[in-house]
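Peer 1: Predicted structure and sequence below. I'll ask about it afterward.
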Amino acid sequence: MQIPHDSFVLVADGRKSLFFRNEGDGAYPNLIVEGEDEHADRKDREIKSDGPGRAFSSVGDGRSAFEETDFHQQEEDRFAADTAAMLKERALRNDYESLVVVAPPRTLGELRKHYHKEVERRLVAEIPKDLVNVPVAEIEKVLQAQ
């Protein structure tokens, strides 16, 4: 894949985002770290239940079970929405002309829900892989191979 010089490259999962600039040319990316955003764990254990709840009908003997909320997934979805908002802000400030997003398929799907039209216009590629914990040289190889 040809990644234009000075492209903004986002490598993310549901908890961590790495930001790079391509200082290389289109054929041979040279990613320089521009920043990192790690999601801080929130101390909201008090409001969570350890098991599924139960609702009781106020009339009669009716009862129904409901599933426990997946707080972990909610946090990952919120993180994706926040990341998309950051991409929008930077696009509107003209911080980048072209964007490459690398993220696991589920995270990519959540990011897409929140892309602003300016982000979509600048998006040159999406790569459905989890590379957040991979060395930069390996990320560059994956980008070249696409």
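Peer 2: Arrived safely. Owing to the predicted nature of the structure, the values given are computational and were not obtained by experimental measurement.

Peer 1: What is the distance between the longest helix anywhere in the chain and the centre of its chain?
Peer 2: Ranked by number of residues, the top helix in the chain under DSSP state H is helix 71-92. The chain centroid and the centroid of helix 71-92 are separated by 6 Å, computed with CA atoms, centre = their mean, to the nearest Å.

Peer 1: Quick check: mean pLDDT of stretch 81-92?
Peer 2: Mean pLDDT, stretch 81-92: 95.

Peer 1: which residues touch that stretch?
Peer 2: By CB atoms under 8 Å, 6 or more residues apart in numbering, the surrounding residues in contact with stretch 81-92 are 8, 10, 12, 17, 37, 96, 99, 110-111, 113-116, 118-119, 121-122. To be clear about C-beta, it is placed using only N, CA and C from the backbone, and glycine gets the same treatment.

Peer 1: mind redoing it with 6 Å?
Peer 2: A12, S17, L111, H114, Y115, H116, E118, V119, R122 (CB atoms under 6 Å, 6 or more residues apart in numbering).

Peer 1: Same question for stretch 100-117.
Peer 2: Identification of contacts with stretch 100-117 by CB under 6 Å, 6+ apart yields 3, 7, 9-14, 77, 80-81, 84, 88, 124-131.

Peer 1: run the last query once more with 8 Å
Peer 2: Contacts of stretch 100-117 (CB under 8 Å, 6+ apart): 3, 7-14, 22, 76-77, 80-81, 83-85, 87-88, 91-92, 123-131, 139, 142-143.
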